[in-house]
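S.K.: just to be clear, the model below is a prediction. Sequence and coordinates:
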Amino acid sequence: MTNPTIELKTEERTRCEVWTRVMGYHRPVSAFNVGKRAEHAERCYFNEAPTGSAIRHERRAAA
C-alpha cells in the first residue's frame, strides 16, 4: 500500500499562531514589535534527553 500525499492549496491553509512566554506570561508572537520579533527569531532552542534514557546510559558506558 502506498500512502497518498496530501497537498493543500494556499487558500485551504490555516495560519498557525505561535505563542511564547515573555516576562512570566504568554503572548502571541504576532503581537510583538519589530525588535521583539527579531529577538524571538534569534533564540536558541535545545532538547534535553530524559534522565533514564538509553542515550545517557550509552554515554556513561563509553566514558
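M.R.: Thanks, I have it. If you're wondering where the values come from, they're calculated on a predicted model, not measured in any experiment. Numbering: from 1, shown residues only.
S.K.: flag the shaky bits of this structure, pLDDT-wise.
M.R.: Confidence mapping of the chain against pLDDT under 70 gives the ranges 1, 52-63.
S.K.: can you pull out the strands in it?
M.R.: 19-22, 25-28 (DSSP state E).
S.K.: gap between V22 and C44?
M.R.: Computed as Cβ to Cβ, to the nearest Å, the V22 to C44 distance reads 16 Å. (C-beta placed from N, C-alpha, C; glycine too.)
S.K.: try E12
M.R.: Taking Cβ to Cβ, one finds E12 at 34 Å from C44.
S.K.: what segments of the protein are helices?
M.R.: 34-42, 54-62 (DSSP state H).
S.K.: still on that earlier bit, between E12 and C44, which has more neighbouring residues?
M.R.: More crowded of E12 and C44, by other Cβ atoms under 10 Å: E12, with 7 against 4.
S.K.: which residues are in contact with E12?
M.R.: By Cβ atoms under 8 Å, 6 or more residues apart in numbering, E12 lies in contact with nothing.
S.K.: just the CA trace of stretch 24-39, in PDB.
M.R.: C-alpha atoms of stretch 24-39 as PDB (Å, rounded to 0.1, in the frame of the first residue of the first chain):
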ATOM      1  CA  GLY A  24       6.300  35.300  33.000                       C
ATOM      2  CA  TYR A  25       3.200  35.300  30.800                       C
ATOM      3  CA  HIS A  26       2.300  34.000  27.300                       C
ATOM      4  CA  ARG A  27       1.800  36.300  24.300                       C
ATOM      5  CA  PRO A  28       1.300  35.700  20.600                       C
ATOM      6  CA  VAL A  29       4.400  36.500  18.500                       C
ATOM      7  CA  SER A  30       2.200  38.300  16.100                       C
ATOM      8  CA  ALA A  31       1.600  41.000  18.700                       C
ATOM      9  CA  PHE A  32       5.400  41.700  19.100                       C
ATOM     10  CA  ASN A  33       7.000  44.800  17.900                       C
ATOM     11  CA  VAL A  34       9.800  44.600  15.300                       C
ATOM     12  CA  GLY A  35      12.600  44.400  17.900                       C
ATOM     13  CA  LYS A  36      11.000  41.700  19.900                       C
ATOM     14  CA  ARG A  37      10.300  39.600  16.800                       C
ATOM     15  CA  ALA A  38      13.900  39.900  15.800                       C
ATOM     16  CA  GLU A  39      14.900  38.700  19.400                       C
END
